[in-house]
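**Student:** Build the 3D model from these lines:
(one chain, ligands or ions: 1)
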Amino acid sequence: MRYQSTRGQVRDITFKDAVMMGLADDGGLLLPEEIPRLTPGDLEVLEKLAYPELAFQIISRFATDIPSADLTELIHRSYASFSHPDITPLVHKNGVYILELFHGPTLAFKDVALQFLGNLFEYLLKERNEKMNILGATSGDTGSAAIYGVRGKENLNIFILHPHKKVSPIQELQMTTVTDANVFNLAITGTFDDGQRIVKEVFGDLQFKSLHALGAVNSINWARVLAQVVYYFYAWGEVRRQTGCREIYFSVPTGNFGDIFAGYIAKKMGLPIRRLILATNENNILARFVRKGDYSIGDVVQTPSPSMDIQLASNFERYLFYLYGGDAHRVVAAMESFSKNGSLRFDDAERKTVEEDFLALSVDTSQTLATIADFHEKTGYVLDPHTAVGVHAGQALCGGDFPVVCLATAHPAKFGDAVQQAIGCDPERPESLLGIEEKEKRCEIIAADTEAIKAFVALHAL
Ligand SMILES: *Cc1c(COP(=O)(O)O)cnc(C)c1O
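**Tutor:** Numbers count the residues shown, from 1 in each chain. Have a look, this model is predicted:
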């Protein structure tokens, strides 16, 4: 399997090179040159497999340059860190299926991809006899999942910037209690936007970037999307076993269009997905795109689902590539026009294509909290606020014709304040959070200044 960029200047590269490149050298995003189609017979085999075996069956179709034995080992090691034997268990509550993606070390779905990516990076660096210094900024979930993905790994250091005292206490503790020598937590005295700007500026210094072999773990790495394709197949197999139904809906709480894009790939591979339900909070650029063909940027507002408080969905360009029939010139023109005008428009034919794949809904804060309360009252089950956005959209948009699987992207204990507001009590803490306040911590408080960050990285880089 070879890979190409959405902007057309990078093509015919291997899976391994695509993983190491991250963002394509022409500024685009990498995609496989073709999407393997599975036959009904293939699906029948896949529906019977346990998670790691299923993951191998899916990932190996795209990672054709990694020997089977190595890939099997990488996958097994990546999912051994999950606390549930099914990895991503599916539960049936209140008329919908909940796909629990939060049993990894940091209690959010990003672990599914980043546990795999950390092991994959270590494997590729060793093979190439190279080192990498990962640099990123986080508003919470990505940083901790990335840190857990690479802690203790060889030839890898990680530097994660978070805004000092501006992430939730649990999120801060999940990062700062990792004391491995290769992990550097930098609490900047500024905002998340400062962190993002600084990281962009550091990467923009190409000499510095190559001197210190800087790497990124943001959601544009193809390996992250790929690892997430697996659980769509897993959930489908479980529903099929339980109900005999062949077609299903997925409802996906969305920010960066990463998770739901993985579902789109699964659909393209032939998984019988009726529609993907794109659920946003008040930051609804993607919902407007699906419902009205209007992709125009607005201001970011704060909601109880902060990991979806995003206006610029970095994976959207991948979808555009397919919507434009693989025409890289049109993608380039659209991205240029979008950065100039802050909006894109779509014609009737394009809108019709979008509607064949997606339904969408923007769910506001009161609906989100009411969904948590209602679900808790009826079933005793506690939804996290991100998951509640998807559950609300799933219940509102699906008429009961086919089963609905709602992706549960975080454990409720990660977002205790919103849960407390909705149901009047704190969610139960899972084992990994017990006593976390008492653990040893390691964190540098540092000025929100690009030169200060560069000096720190230069001093501690591999
Ligand atoms: C990152 C995140 C999301 C959004 O996922 P995207 O891939 O960015 O759409 C949703 N919920 C939680 C809990 C997250 O951490």
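**Student:** Tell me where the stretch 51-200 of the chain has helices.
**Tutor:** Using DSSP state H, counting those that start in this stretch, the helices of the stretch 51-200 of the chain run over residues 51-59, 68-79, 110-128, 141-150, 169-176, 192-204.
**Student:** which other helices and strands contact the shortest one?
**Tutor:** Taking 3 or more Cβ pairs under 8 Å, 6 or more residues apart in numbering; DSSP states H and E as contact, the helices and strands that helix 169-176 lies on are helix 141-150, strand 156-163, strand 183-189. All C-beta atoms are positioned from the backbone trio N, CA, C, and that covers glycine.
**Student:** of all the helices of the stretch 51-200 of the chain, which lies closest to the ligand?
**Tutor:** Of all the helices of the stretch 51-200 of the chain, it is helix 141-150 that lies closest to the ligand, at 3.5 Å by Cβ to the nearest ligand atom.
**Student:** if we can go back for a sec, dump the helices and strands packed on helix 169-176 into CSV; add mean neighbour count as well.
**Tutor:** Below are these laid out as CSV (neighbours: other Cβ atoms under 10 Å):
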stretch, mean neighbour count
helix 141-150, 27
strand 156-163, 24
strand 183-189, 22
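**Student:** What's the mean pLDDT across stretch 126-143?
**Tutor:** If you average the pLDDT over stretch 126-143, you get 92.
**Student:** do the same with stretch 271-283
**Tutor:** 97.
**Student:** Now do the buried residues in that stretch.
**Tutor:** 271, 273-283 (16 or more other Cβ atoms under 10 Å).
**Student:** Just flag the most distant two among those residues.
**Tutor:** The span of those, defined through Cβ to Cβ, is set by Leu271 and Glu282 at 30.5 Å.
**Student:** My guess is Leu71 contacts Phe56. True?
**Tutor:** Yes. Between Leu71 and Phe56 there is a contact under Cβ atoms under 8 Å: 6.4 Å.
**Student:** returning to what we had before: and the helices and strands packed on helix 169-176 as TSV, adding distance to the ligand?
**Tutor:** Shown next, in TSV, are these (distance: least, Cβ to the nearest ligand atom, whole Å):
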stretch	distance to the ligand
helix 141-150	3
strand 156-163	14
strand 183-189	18
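**Student:** Name the helix or strand for Leu369, please.
**Tutor:** helix 365-379 (DSSP states H and E).
**Student:** Please apply the same query to Lys16.
**Tutor:** helix 15-21.
**Student:** longest helix in the protein, by residue count?
**Tutor:** helix 222-243 (DSSP state H).
**Student:** Okay, strands next: where are they in the stretch 301-450 of the chain?
**Tutor:** Assigned by DSSP state E, counting those that start in this stretch, the strands in the stretch 301-450 of the chain fall at 343-345, 358-362, 404-408, 444-447.
**Student:** Spell out which parts of the stretch 151-300 of the chain neighbour the ligand.
**Tutor:** 219, 253-259 (Cβ under 6 Å from any ligand atom).
**Student:** In helices, which of those residues appear?
**Tutor:** 258-259.
**Student:** Find the pair from the residues of the stretch 151-300 of the chain next to the ligand with maximum spatial separation.
**Tutor:** That would be Ser219 and Pro253, which, of these, are the farthest apart (Cβ to Cβ) at 14.2 Å.
**Student:** neighbour count winner among the two?
**Tutor:** Here Ser219 and Pro253 are compared on neighbour count by other Cβ atoms under 10 Å; more neighbours surround Pro253, at 33 against 21.
**Student:** That one reaches Gly394, doesn't it?
**Tutor:** No. When contacts are counted by Cβ under 8 Å, Pro253 is not listed as touching Gly394 (9.9 Å).
**Student:** Are there residues contacting both of the two? Which ones?
**Tutor:** Taking Cβ atoms under 8 Å, 6 or more residues apart in numbering as the contact rule, Pro253 and Gly394 both touch Ala279.
**Student:** what about Ser343, neighbour count?
**Tutor:** With neighbours defined by other Cβ under 10 Å, the count for Ser343 comes to 12.
**Student:** That one pairs with what?
**Tutor:** Beta-bridge partners of Ser343, counted by DSSP bridges, are Ser296.
**Student:** Next, the angle from the helix or strand containing Leu459 to strand 183-189.
**Tutor:** Secondary-structure element containing Leu459, defined by DSSP H and E: helix 450-460. Helix 450-460 and strand 183-189 are oriented at 160 degrees to each other (axes from the mean of the first three to the mean of the last three Cα atoms, to 10 degrees).
**Student:** buried ones in helix 450-460?
**Tutor:** 450, 453-454, 456-457.
**Student:** Those residues into JSON lines, with extra columns for distance to the ligand and pLDDT?
**Tutor:** Output for these, formatted as JSON lines (distance: Cβ to the nearest ligand atom, whole Å; pLDDT from 0 to 100):
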{"residue": "Thr450", "distance to the ligand": "25", "pLDDT": "96"}
{"residue": "Ile453", "distance to the ligand": "23", "pLDDT": "97"}
{"residue": "Lys454", "distance to the ligand": "27", "pLDDT": "97"}
{"residue": "Phe456", "distance to the ligand": "26", "pLDDT": "98"}
{"residue": "Val457", "distance to the ligand": "25", "pLDDT": "97"}
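**Student:** Good, we can wrap up now.
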